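> Below are the sequence and a predicted model for it; my questions follow.
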Amino acid sequence: LSEDTLMKTDQLLVILDAMLALEADPVSTIIPVTMPNMMLPSNDFYSTTLAKLCDPADLDHVQGLVCDFFKISGVIFPSFSPDWALDAQVREAIGRVPSKTTVGKKPADAMA
C-alpha cells in the first residue's frame, strides 16, 4: 500500500477482492504491506471516493469491507531503510503466512 493506493481503482479492487475472499473463507490470511507514506482513508474517502466507484446499493457493504481491511494489522515496509531493516520486515511478513492449513480436510488427513 502506498500514498496513491486510495486513488488507484485497480488497487482498491484488489483490496475488495481480498476482503470478499476473506468474507467467503474466514480462515484466509491477508497481510497488508504498507509503505511509510501510506495515509489511512478519511471519512471523505468513504463517502465520496468509494461512492463514485460502486453501485449505491452496494455502498454500505463496500465501505464496510474497506474499513475492515484497514483494521487488519499489516507490516510496514520501510523502503528507505538499510538492508537489515528491510530483511527484518520481510521475515515478519513471511512469518505471518500460515505454513499449514486444515481447511477442507478431515481431521485424520490434517495430521498427515
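All right, it came through fine.

> From here on, just use CA atoms for contacts and neighbour counts.
Noted.

> State which helix of the chain is the longest.
Using DSSP state H, we find that the single longest helix of the chain is helix 9-24.

> And the contacts of that helix?
The contact list for helix 9-24 (C-alpha atoms under 8 Å, 6 or more residues apart in numbering) reads 5-6, 28-30, 53, 62, 65-66, 69.

> I'd like to know which of those are buried.
Neighbour counting over the contacts of helix 9-24 (16 or more other C-alpha atoms under 10 Å) leaves 5-6, 30, 62, 65-66, 69 as the buried ones.

> Which entry within those residues corresponds to the minimum pLDDT?
The lowest pLDDT within the buried ones among the contacts of helix 9-24 belongs to residue 30, which sits at 86.

> Next, that one: secondary structure please.
Recorded secondary structure, residue 30: coil (DSSP: H, G, I helix; E, B strand; the rest coil).

> Tell me the spacing between the closest residue to it other than its chain neighbours and residue 86.
Distances taken as C-alpha to C-alpha, 6 or more residues apart in numbering put residue 18 closest to residue 30, at 7.3 Å, once the chain neighbours are dropped. Separation of residue 18 from residue 86 (C-alpha to C-alpha, to the nearest Å): 25 Å.

> of the contacts of helix 9-24, closest to residue 80?
Residue 80 lies nearest to residue 5 out of those, by C-alpha to C-alpha, at 18.7 Å.

> quick one, what contacts that closest one?
11-12, 38.

> quick one: contacts for the residue nearest in space to the middle of the chain?
Nearest to the mean C-alpha position of the chain, by C-alpha atoms, centre = their mean, lies residue 32 at 4.3 Å. Going by C-alpha under 8 Å, 6+ apart, residue 32 touches 1, 72-75.

> Equivalent analysis for residue 4, please.
residue 38.

> Give me the pLDDT value at it.
At residue 4, pLDDT is 89.
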